[in-house]
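*Asks:* 3D, please:
(chains A and B)
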Protein chains: 2
Amino acid sequence: MIYQLYYWPTIQGRGEFVRLALEQSGAAYVDVARRSGRGFGVAALMRLLESRNVERPPFAPPFLQAGRRIIGQTANILLFLGPRHALAPRDEGGRLWTHQLQLTMADFLVEIHDTHHPVAAGLYYEDQKKEARRRAADFLENRAPKYLGYFERVLTRNARGERYLVATKPTYADLSMFQIVSGLKYAFPLAMARAGRRYRRLFALHDRIRELPRIAAYLASERRIPFNQEGIFRHYPELDAS
Amino acid sequence: MIYQLYYWPTIQGRGEFVRLALEQSGAAYVDVARRSGRGFGVAALMRLLESRNVERPPFAPPFLQAGRRIIGQTANILLFLGPRHALAPRDEGGRLWTHQLQLTMADFLVEIHDTHHPVAAGLYYEDQKKEARRRAADFLENRAPKYLGYFERVLTRNARGERYLVATKPTYADLSMFQIVSGLKYAFPLAMARAGRRYRRLFALHDRIRELPRIAAYLASERRIPFNQEGIFRHYPELDAS
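*Replies:* Below you'll find the model as predicted:
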């Protein structure tokens, strides 16, 4: 089966967590909106999103078509892919734990996004710059350390060793953690340079994932969209630690 | 087995979604932080949250202890409880769909919360009142209709009838939908009074859940904490539609 991933074609965004899992699994997939031609592109994404014939419609991208099934919500897509592609433990406890970590990262991601859009996602950054400064300052001082410290602790406590969050090999949660650390380094280079010592295991995990052969090949390919100022992670120097 | 729910004792918050599922399932559970005495209260919650001996620590309340297992993240707890208490379909597709709806509600909930705390959850409302007005206006004009319209559509398209979101009987997603509609009615009474006609099926679902015998008994009991100005749903008249 060839999976069809539907996500915005010009940003990493939430779709990137799914792309990383698909790449690491070696599964065949089509990134529908990034292709052109009949049945592809953003038009195909919008058509499916707005179709009246989908009994179980997704709320927003990303969503994944797997045969006749359409699955929405990033964490839910990973919950589906995990056991099928050895990206989650087989036992129920391990699967729930992996998912729990993913959901905590989803919460973190909302807070990361809101550093540049605290008032409304629909307004321009320029129209909420002052509020963004306040929110980003609180984020760097209070929220980011709370989350990063938590994930560092999870690594410390993994009974199977501190190389990965859950097991002795990477799960989708480790891939997602890589993405979040990468994004934070892009968005807040000064603050993250300082944080490196405090979150040694987390940064080592980031490097370890980056060097997995399939991930390394993906990151070097044109399939990886570079970070940019339209995504969740944005680099505004005025929001970084001074 | 008696479940132990750990959540803040004075608010409905995210714990309420778990409470509703436990109540509807008829499962035996202890709301640990709401009891007093040795091994109970907020102290017991904090002790578990900060313990160095938990291999798979939760990031924040709510978390549920089920035997030796500790499960965090509201949607994850419901994913665990659903199939055990007939609050989710048995087939994988149905379970994923129920979870997908729950995760979309979790996204909605963050946006609801941020209407009164757009700058920082750690600051007082009074210190972000101006920003809250802007955010709440955007929420009522753009975001709430997008979410409510979506869930109304889900009801319309349920091949098993429009009484419930997923099946012919309530799942945990229906219980959560009830909670969200209840909360919105509390927080934004004017805006919601107007919205009633546009989201007829959704409001009917709310009333239907409220009248389920176990839910009705729960809502009339002292176990149900009233809505208040410390929770996710808060009533600030200046944020409601004028």
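
*Asks:* How is chain A partitioned into domains?
*Replies:* A:3-84, A:92-239 (automatic domain parsing).

*Asks:* can you list those domains in JSON lines and add mean neighbour count and distance to chain B?
*Replies:* Just so you know, the C-beta spots here come from the backbone N, C-alpha and C atoms, and that holds for glycine as well. JSON lines is the format used below for the domains of chain A (neighbours: other Cβ atoms under 10 Å in any protein chain shown; distance: least, Cβ to the nearest Cβ, whole Å):
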{"stretch": "domain A:3-84", "mean neighbour count": "19", "distance to chain B": "4"}
{"stretch": "domain A:92-239", "mean neighbour count": "18", "distance to chain B": "4"}
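
*Asks:* which residues of chain A score low on pLDDT?
*Replies:* Along chain A, the parts satisfying pLDDT under 70 run over A:242.

*Asks:* if I read this right, residue A:5 contacts residue A:35, doesn't it?
*Replies:* No: applying Cβ atoms under 8 Å, one finds residue A:5 not in contact with residue A:35, separated by 10.8 Å.

*Asks:* hmm, back to that, the domains of chain A: which one's closest to residue B:155?
*Replies:* Of all the domains of chain A, domain A:3-84 sits nearest to residue B:155, with 11.6 Å by Cβ to Cβ.

*Asks:* Now do the strands in chain A.
*Replies:* A:3-6, A:29-31, A:63-66, A:69-72 (DSSP state E).

*Asks:* Any chance of TSV for those strands, columns distance to residue B:209?
*Replies:* Shown next, in TSV, are the strands of chain A (distance: least, Cβ to Cβ, whole Å):
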stretch	distance to residue B:209
strand A:3-6	32
strand A:29-31	38
strand A:63-66	27
strand A:69-72	23
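
*Asks:* how about the helices in chain A?
*Replies:* In chain A, the helices defined using DSSP state H lie at A:15-25, A:41-50, A:74-84, A:92-114, A:129-138, A:144-157, A:172-187, A:189-195, A:200-210, A:213-220.

*Asks:* report the angle between the axes of the last one and helix A:172-187?
*Replies:* If I follow you right, that is helix A:213-220. 30 degrees (axes from the mean of the first three to the mean of the last three Cα atoms, to 10 degrees).

*Asks:* so what's the residue most central in space within chain A up against?
*Replies:* In chain A, the centroid-proximal residue (Cα atoms, centre = their mean) is residue A:17; its distance is 3.8 Å. Residues counted as contacts of residue A:17 (Cβ atoms under 8 Å, 6 or more residues apart in numbering or on different chains) are A:74, A:78, A:172, A:175, A:176, A:179.

*Asks:* who's in contact with residue A:99?
*Replies:* With contacts defined as Cβ under 8 Å, 6+ apart, residue A:99 is in contact with A:75, A:78, A:79, A:82, A:88, B:73, B:76, B:79.

*Asks:* Can you verify my assumption that the fourth one contacts residue A:88?
*Replies:* Yep, that's residue A:82 we're talking about. Yes: assessed by Cβ under 8 Å, residue A:82 is found in contact with residue A:88 at 3.0 Å.

*Asks:* What sits closest to residue A:85 if chain neighbours are left out?
*Replies:* residue A:25 (3.4 Å; Cβ to Cβ, 6 or more residues apart in numbering or on different chains).

*Asks:* Is it correct that that neighbour is in contact with residue A:82?
*Replies:* No: using Cβ under 8 Å, residue A:25 makes no contact with residue A:82, being 9.4 Å away.

*Asks:* Touching, residue A:59 and residue B:150? I think so.
*Replies:* Yes: using Cβ under 8 Å, residue A:59 is in contact with residue B:150, at 5.3 Å.

*Asks:* joint contacts of those two?
*Replies:* Jointly contacting residue A:59 and residue B:150 under the rule Cβ under 8 Å, 6+ apart are residue B:104.

*Asks:* How about the contacts made by residue A:202?
*Replies:* A:148, A:151, A:152, A:155, A:177, A:181.

*Asks:* if I pick the last one, what's in contact with it?
*Replies:* Shown here is residue A:181, whose contacts under the criterion Cβ under 8 Å, 6+ apart are A:192, A:202, A:203, A:205, A:206.

*Asks:* how about a cut-off of 6 Å?
*Replies:* Residue A:181 is in contact with residue A:206, counting by Cβ atoms under 6 Å, 6 or more residues apart in numbering or on different chains.

*Asks:* From residue B:164, how far off is it?
*Replies:* Separation of residue A:181 from residue B:164 (Cβ to Cβ, to the nearest Å): 41 Å.

*Asks:* Next: residue A:102.
*Replies:* From residue A:102 over to residue B:164 (counting by Cβ to Cβ), the distance is 27 Å.

*Asks:* before we move on, what about residue A:237?
*Replies:* Distance from residue A:237 to residue B:164, by Cβ to Cβ: 50 Å.

*Asks:* Likewise for residue A:232?
*Replies:* 33 Å.

*Asks:* in terms of contact, does residue A:32 touch residue A:44 like I think?
*Replies:* Yes: at 5.4 Å, residue A:32 counts as touching residue A:44 under the criterion of Cβ atoms under 6 Å.

*Asks:* ok so, going back, I'd like the distance between the residue nearest to residue A:85 and residue A:133.
*Replies:* For residue A:25 relative to residue A:133 (Cβ to Cβ), the value is 40 Å.

*Asks:* Likewise for residue A:56?
*Replies:* 41 Å.

*Asks:* Over to residue A:111?
*Replies:* Residue A:111 is 15 Å from residue A:133, where distance means Cβ to Cβ.

*Asks:* List the contacts of residue A:190.
*Replies:* A:240, A:241.

*Asks:* Residue A:7 - nearest residue in space that isn't next to it in sequence?
*Replies:* Nearest to residue A:7 is residue A:15, by Cβ to Cβ, 6+ apart, at 3.0 Å.

*Asks:* first vs last residue of stretch A:63-75, how far apart are they?
*Replies:* 11 Å (Cα to Cα, to the nearest Å).

*Asks:* Touching it from outside, list them.
*Replies:* So stretch A:63-75 is contacted by A:1, A:3-6, A:14, A:17, A:58, A:62, A:77, A:80, A:102-103, A:106, B:96, B:100, B:103 (Cβ under 6 Å, 6+ apart).

*Asks:* switch to 8 Å and redo it
*Replies:* Contacts for stretch A:63-75 (Cβ under 8 Å, 6+ apart): A:1, A:3-6, A:14-15, A:17-18, A:48-49, A:54, A:56-60, A:62, A:77, A:80-81, A:99, A:102-103, A:106, B:75, B:93, B:96, B:99-100, B:103-104.
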